[in-house]
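Peer 1: can't give you the sequence, but here's the structure:
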Ligand code: GDP
């Protein structure tokens, strides 16, 4: 294998998804610690505490400098290079989370063993399903009185529609949690919350007398459990996992470091190296030597006055080198990237090269847009970044009408960044904002004031949901003529139906059966 190919093969790019409080931050921290990327526990937590201390946007703003660099954490583990992409924990930024999931090759799903599958997990899982992203499952908090493991697996299978393949099996739970049995290498790891890495001892074989010595009567229970589990559950099938049909399941307690190393080992051993990505014209394999990538996230930089932004680009093929010239396909412009940011967790100094699977941050002044493709020249267009129908709508009302132009520019640019969505009804001059979370409106108002000098108020707007319309020109014209106040153009000049309520939506759908009403669409 050439060194170029092996650089790509050794990369693992993934994100952790979970419902708030399941233990994502704790697990992230422990993964970094096992990977040697942080020396002391607490570095990640400090950041989270700061982020959650207040929902006030000004405070969030102050934290941004930190969160830009910690949005992607790169660290070596064994012979691999890991890119762990952070997804914002706050519900209100879930759109950003969704888009981050398009930039990974696999995901780790954390389930709280007490609460089981929760609402946010289901939403995120559905996004992973759109691309059949392979998912490893970590059932956390076994040190608490949790639900029966078999019940948890059943719940995952029935609510998430994925087969579960237990890789480890817990011995007891809560106060009587003693460790896990590894179904595939026939070892038992004993849990000790006081041991440095959470594990007191590892022994080989279920028949090992040491097992009875250590856990007494629980040993016999374990032998019976394992026999049942082997009989009743799915065996691990690597292809089914890679196809997103089956999830290997690990049990542990992140806060006690227990089970974390097995999970990290699984990330490098089981999860895929960078995968091919689809463009509008062809599939691009990661090993193609020409550089290509797409922007999945834009983050405003520390100093809002300068309108500095970092565009996060996932490299899909080739090799990136400092100073390299790359083409922004949409504009045809060539960018010479001297100041790209890379994300080694250990030292934040910039790295000079990056490969498929890696993420680079490109500082810019608003010229780089969400969804942009960059290449070494070829006109490619990566597809598959989702945009979701907003759940909340507001009409922007400007306080000083002289600033209308700035408002329009500001809203357009913020929509391009993904801060909110913008809709302009065909028969009115309204500027309607759509968001997935209410906090997005505060962010937009704050940024309009500070970055564009526009004082804006948001009024309620009578819309329950939106659907992107796809159909023939004649059908689209017909629906636009019929419902001109409810049909709008979005930031990409695409037709959207803004439904005042579900009944109207249903009526419109019945009246125009040949038009597709899409709840999710790809940005490009
Ligand atoms: P996030 O919201 O998913 O990032 O969750 P956090 O990592 O912040 O964890 C939520 C809470 O669960 C915190 O109070 C953690 O200390 C706690 N927690 C995390 N892992 C464990 C665990 O293994 N056992 C127990 N008992 N608590 C845990």
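Peer 2: That came through fine. What you see is a predicted model; the values in this text were computed from it and never measured. Numbering: from 1, shown residues only.

Peer 1: going forward, measure contacts and count neighbours with C-alpha atoms only.
Peer 2: Noted.

Peer 1: List the beta-bridge partners for the residue lying closest to residue 170 once chain neighbours are set aside.
Peer 2: The shortest distance from residue 170 to any residue other than its chain neighbours is 4.3 Å, reached at residue 180 (C-alpha to C-alpha, 6 or more residues apart in numbering). Here residue 180 sits in beta bridges with residue 170, residue 189, going by DSSP bridges.

Peer 1: again with residue 363
Peer 2: residue 310.

Peer 1: Tell me who's in contact with whichever residue of the stretch 101-250 of the chain sits closest to the ligand.
Peer 2: Of all residues in the stretch 101-250 of the chain, the one sitting closest to the ligand is residue 141 (3.6 Å; C-alpha to the nearest ligand atom). By C-alpha atoms under 8 Å, 6 or more residues apart in numbering, the residues touching residue 141 are 112, 113, 114, 252, 253, 254, 255.

Peer 1: Kindly report the same for residue 478.
Peer 2: Going by C-alpha under 8 Å, 6+ apart, the list of residues near residue 478 is empty.

Peer 1: Can you pull the phi and psi angles for it?
Peer 2: Dihedral pair for residue 478: phi -60, psi -50, per degrees, to the nearest 10.

Peer 1: separation between it and residue 294?
Peer 2: 36 Å (C-alpha to C-alpha, to the nearest Å).

Peer 1: Widest-spaced pair of the contacts of residue 141?
Peer 2: Using C-alpha to C-alpha, those span at most 14.8 Å, a distance reached by 114 and 255.

Peer 1: surely residue 85 meets residue 102?
Peer 2: No - the criterion here is C-alpha atoms under 8 Å, and residue 85 misses it with residue 102 at 10.8 Å.

Peer 1: where does the chain have low pLDDT?
Peer 2: Along the chain, the parts satisfying pLDDT under 70 run over 39-70, 88-94, 301-307, 345-351, 523-524.

Peer 1: if we go to 80?
Peer 2: Counting by pLDDT under 80, the chain has low-confidence residues at 1, 37-71, 87-97, 300-308, 342-352, 385-388, 417, 437, 439, 520-524.

Peer 1: In which helix or strand does residue 123 reside?
Peer 2: helix 119-130 (DSSP states H and E).

Peer 1: Contacts for that helix, please.
Peer 2: With C-alpha under 8 Å, 6+ apart as the criterion, helix 119-130 contacts 17, 18, 19, 20, 98, 101, 109, 159, 160, 244.

Peer 1: cutoff 10 Å now
Peer 2: Residues from elsewhere that reach helix 119-130, judged by C-alpha atoms under 10 Å, 6 or more residues apart in numbering: 17-20, 22, 91, 94, 97-99, 101-102, 104, 106-107, 109-111, 132-135, 156, 159-162, 243-245, 384, 386.

Peer 1: Any residues of the stretch 151-300 of the chain in contact with the ligand? List them.
Peer 2: 253, 254, 255, 256 (C-alpha under 6 Å from any ligand atom).

Peer 1: List the contacts of the third one.
Peer 2: Residue 255 sits next to 23, 25, 26, 27, 29, 30, 140, 141, 143, 193, 198 when contact means C-alpha under 10 Å, 6+ apart.

Peer 1: now residue 455
Peer 2: Counting by C-alpha under 10 Å, 6+ apart, residue 455 touches 397, 398, 399, 400, 401, 403, 407, 445, 446, 447, 448, 449.

Peer 1: mind redoing it with 8 Å?
Peer 2: Going by C-alpha under 8 Å, 6+ apart, residue 455 touches 398, 399, 400, 445, 448, 449.

Peer 1: again, but for residue 380
Peer 2: For residue 380, the contact set (C-alpha under 8 Å, 6+ apart) comprises 279, 280, 281, 329, 373.

Peer 1: From residue 374, how far out is the second one?
Peer 2: Spelled out, that is residue 280. Counting by C-alpha to C-alpha, the gap from residue 280 to residue 374 is 14 Å.

Peer 1: how near is the residue of the stretch 401-524 of the chain found nearest the ligand to residue 84?
Peer 2: Residue nearest to the ligand within the stretch 401-524 of the chain (C-alpha to the nearest ligand atom): residue 437, separated by 17.2 Å. To residue 84, residue 437 is 24 Å away according to C-alpha to C-alpha.

Peer 1: These two - which one has more neighbours?
Peer 2: Set side by side, residue 437 and residue 84 show more neighbours around residue 84, with 26 against 18, by other C-alpha atoms under 10 Å.

Peer 1: Which residues outside the helix or strand hosting that one are in contact with it?
Peer 2: Assigned by DSSP H and E, residue 84 falls within strand 80-85. Under the contact criterion C-alpha under 8 Å, 6+ apart, strand 80-85 has outside partners 10-16, 71-76, 100, 104, 268, 357-359.

Peer 1: ok, then the element right after it?
Peer 2: Strand 80-85 is succeeded, C-terminally, by helix 94-100 (DSSP H and E).

Peer 1: Could you name the helices and strands sitting against that following helix?
Peer 2: In terms of contacts (3 or more C-alpha pairs under 8 Å, 6 or more residues apart in numbering; DSSP states H and E), helix 94-100 is packed against strand 292-300, strand 386-388.

Peer 1: Quick one: name whatever helix or strand follows the last one.
Peer 2: Scanning the chain past strand 386-388 towards its C-terminal end, the next helix or strand to appear is strand 392-398 (assignment: DSSP H and E).

Peer 1: Give the pairing partners of that next one; include direction for each.
Peer 2: strand 432-435 (antiparallel), strand 456-460 (antiparallel).

Peer 1: Return the most buried member of these.
Peer 2: Using mean count of other C-alpha atoms under 10 Å, the stretch among the strands paired with strand 392-398 with the largest mean neighbour count is strand 432-435, at a mean of 24.

Peer 1: right, and the helix or strand after that strand?
Peer 2: With elements assigned by DSSP H and E, the helix or strand that comes after strand 432-435 is helix 439-452.

Peer 1: And that next one, what's buried?
Peer 2: 439, 440, 441, 443, 444, 445, 446, 447, 448, 452 (16 or more other C-alpha atoms under 10 Å).

Peer 1: which residues does the nearest residue to residue 393 once chain neighbours are set aside contact?
Peer 2: Spatially, and ignoring its direct neighbours in sequence, residue 393 is nearest to residue 434 (4.6 Å; C-alpha to C-alpha, 6+ apart). Residues in contact with residue 434 (C-alpha under 8 Å, 6+ apart) are 390, 391, 392, 393, 394, 420, 421, 422, 423.
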